[in-house]
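J.: Need coordinates for the below:
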Amino acid sequence: MKRTVIIDALASKEYDTPIRVSGWVRSRRGNKQVNFIALNDGSTIKNIQIVVDLSKFTEEALKPVTTGSCINVEGILVKSQGAGQDVEIQMTDFQVYGSADPDQYPLQKKGLSMEYLRTIAHLRPRTNTFGAVLRIRHNMAMAIHTYFHEHGYFYFHTPLITASDAEGAGQMFQVTTLDLDRLAKGQPSEVPYDRDFFGKPANLTVSGQLEGELGAMALGKIYTFGPTFRAENSNTPRHLAEFWMIEPEIAFMDKEELMDLEEDFIKYCVRWALEHCQDDLQFLNQFVDKGLIERLQSVAHTEFVRLPYTEGIDILQNAIKNGHKFEFPCNWGDDLSSEHERYLVEQHFKKPVIMTDYPLDIKAFYMKQNQPDEAGRRTVQGTDVLFPQIGEIIGGSVREESYDKLLIEMDRRKMDPAKYKWYLDTRRFGAAPHAGFGLGFERLMLFVTGMQNIRDVIPFPRTPKSAEF
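T.: Residues are numbered from 1 along each chain as shown. Down below sits the predicted model:
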């Protein structure tokens, strides 16, 4: 008999017919006449109830059916007599694929902290919470690919190993085949990169943006979606050393069109979650964040505020004058912290904000510069999307297409143009106005799931001093 996945079994109306399901036992309870097994195969947050008539099965045969064990069940699908489910299965036969020692299996039916579950990340996907998160993660990936495909973008694969630093921050993981132990003992005055695999220093990428721009200069509209790496020693609920990024790059796009894209794209993802993940969202809304669904619906149907950085600083400084206290300063020229961004979104406007026109010195070298303002202050055409609960969720900008202006800015920042010759060539040979943004996938997941720590929206988090599993 062909196996039926549990999500389909729960929706079936073929009562009084044979059925076979497999999965992991979430619980087993009952009395001397009947047992009830809650079985889940990961296809849905919901368990299917297996009814076991104890007159047909011995206690010895059922002994291996413990919480966490994996079993195969054959039976008859019937209308459920109890509350909480429409159908159940009256078991006629079963097979234990793998038992779980109840004295050692860590996911017994009791409250487990998120901190503890991170230590058993190989098992936590079996919990209701992480099963819901990972199914939503899949759906968000599908939403991203579907959105860009339907809007004429090409999926562009950028390298994970690179010799350039897109952000100019230097917080990169080095990739090498050199014997580091031997180098350390020999204490050479210079690292012999000519003997290394690539013949030069190489690192894991912090962003595929620069290579993505090359794709946009040929294909018109591209997007990347893949892992990126930051050797940033940050132990916060918002930082990972390995995370996934979505980075579209679009030729012939200006700042207003970019903001339209950012808003439309993220609303599409939120609406996708509301449409395709209702059961998982309802669970998370009940047990993780009671305002989750309301917040998602609000974002999906709200027009985002478009706010110049200078006006945002004025709002924050007025808040300070009226008694609001921030941990960090927020003067013109400061890079806003999460508390400032969330104040604007959650307390002042009470809706998402796209902040624009940031000071030149706090943004990357490739952003297109505006004309100086009346005070002589220099800004760039950045477009960051700020969200409730999260702060910045998207960082975008119009890119500088002028070869000469890029050279001047790179010189000002003491960057070596020779390392970016390939990038500068797109400004020498058929330069075009273009724009793009980067969205941290895990930041999106935090918002869509209501989880509080970024380590809990990726299967196996990579953080300082932690590379388990």
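J.: Let's verify Val345: helix, strand, or coil?
T.: Per DSSP: H, G, I helix; E, B strand; the rest coil, the local secondary structure of Val345 is helix.
J.: Run a quick neighbour tally on it.
T.: 25 (other CB atoms under 10 Å). All C-beta atoms are positioned from the backbone trio N, CA, C, and that covers glycine.
J.: My guess is it contacts Leu386. True?
T.: Yes. The pair Val345 / Leu386 is scored as a contact, 5.0 Å apart, by CB atoms under 8 Å.
J.: I figured Ser397 hits Met367, correct?
T.: Yes. With contact defined as CB under 8 Å, Ser397 counts as touching Met367 (4.2 Å).
J.: Flag the shaky bits of the protein, pLDDT-wise.
T.: Scanning the chain for pLDDT under 70 picks out the ranges 166-170, 187-188.
J.: Do a quick rundown of the helices in it.
T.: 6-11, 59-62, 114-119, 128-150, 180-186, 209-219, 255-276, 278-287, 292-300, 309-321, 338-342, 403-412, 421-428, 441-449 (DSSP state H).
J.: For Phe243, which of those is the nearest?
T.: With CB to CB, the closest approach to Phe243 among the helices of the chain belongs to helix 441-449: 5.0 Å.
J.: For the closest one, which outside residues touch it?
T.: The contact list for helix 441-449, computed with CB atoms under 8 Å, 6 or more residues apart in numbering, reads 132-133, 136-137, 140-141, 144, 225, 238, 240, 243-246, 266, 269-270, 273, 284, 288-289, 292, 296, 387-390, 392-393, 451-452, 454, 457-458.
J.: now stretch 269-281
T.: By CB under 8 Å, 6+ apart, stretch 269-281 touches 44-46, 131-133, 135-136, 139-140, 142-144, 146-147, 292-293, 296-297, 299-300, 444, 448.
J.: ok, how many other residues are close to Arg399?
T.: 26.
J.: for Arg126, same thing?
T.: Neighbours of Arg126 using other CB under 10 Å come to 16.
J.: can you pull the contacts of it?
T.: Taking CB under 8 Å, 6+ apart as the test, what Arg126 contacts is Trp24, Asn40, Gly42, Gly68, Leu107.
J.: can you list residues touching both of Ser397 and Met367?
T.: Val380, Gln381, Gly382.
J.: buried sites along stretch 452-466?
T.: Within stretch 452-466, the residues that count as buried by 16 or more other CB atoms under 10 Å are Ile454, Arg455, Asp456, Val457, Ile458, Pro461, Arg462, Thr463.
J.: circling back to that earlier point, hey, what's in contact with both of Val345 and Leu386?
T.: With CB under 8 Å, 6+ apart as the test, Val345 and Leu386 both reach Pro352, Val353.
J.: one step back: can I get the shared contacts of Ser397 and Met367 in TSV including neighbour count and distance to Tyr97?
T.: Written out in TSV, the entries for these read as follows (neighbours: other CB atoms under 10 Å; distance: CB to CB, whole Å):
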residue	neighbour count	distance to Tyr97
Val380	25	58
Gln381	21	58
Gly382	26	54
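J.: From those, which land in strands?
T.: Applying DSSP state E to the shared contacts of Ser397 and Met367, the entries found in strands are Val380, Gln381, Gly382.
J.: Please report how far the last one lies from Glu14.
T.: With distances taken as CB to CB, to the nearest Å, Gly382 is found 57 Å from Glu14.
J.: swap in Phe57?
T.: Taking CB to CB, one finds Phe57 at 24 Å from Glu14.
J.: Which one's more surrounded, the two?
T.: With neighbours defined as other CB under 10 Å, Phe57 and Glu14 compare such that Phe57 has more, 16 against 11.
J.: which residues does the more buried one contact?
T.: Phe57 touches Met91, Phe94, counting by CB under 8 Å, 6+ apart.
J.: go on, the one 10 residues further on?
T.: If you count contacts by CB under 8 Å, 6+ apart, Thr67 has them with Val25, Arg26, Ser27, Arg28, Ala100, Pro102, Tyr105, Leu107, Gln108, Lys109.
J.: Which of these sits closest to Thr127?
T.: Nearest to Thr127 among the contacts of Thr67, with distances taken as CB to CB, is Leu107, at 6.3 Å.
J.: Test my guess that the closest one contacts Thr127.
T.: Yes. Because the distance of 6.3 Å satisfies CB under 8 Å, Leu107 is recorded as touching Thr127.
J.: Asp86: how many residues sit nearby?
T.: 11.
J.: partner residues bridging Ile222?
T.: In this entry, Ile222 is beta-bridged to Phe154, Glu249, by DSSP bridges.
J.: Look up how far Leu446 lies from it.
T.: Counting by CB to CB - Ile222 and Leu446 are separated by 26 Å.
J.: which residues are contacting stretch 94-110?
T.: By CB under 8 Å, 6+ apart, the list of residues contacting stretch 94-110 reads 22, 25-27, 57, 64-74, 112, 120, 123-124, 126-127.
J.: Just the buried residues of the residues you listed.
T.: 22, 25-26, 57, 64-71, 73-74, 124, 126.
J.: Let me know the closest of those to Met259.
T.: Distances from Met259 to the buried ones among the contacts of stretch 94-110, taken by CB to CB, are shortest for Arg124, at 37.8 Å.
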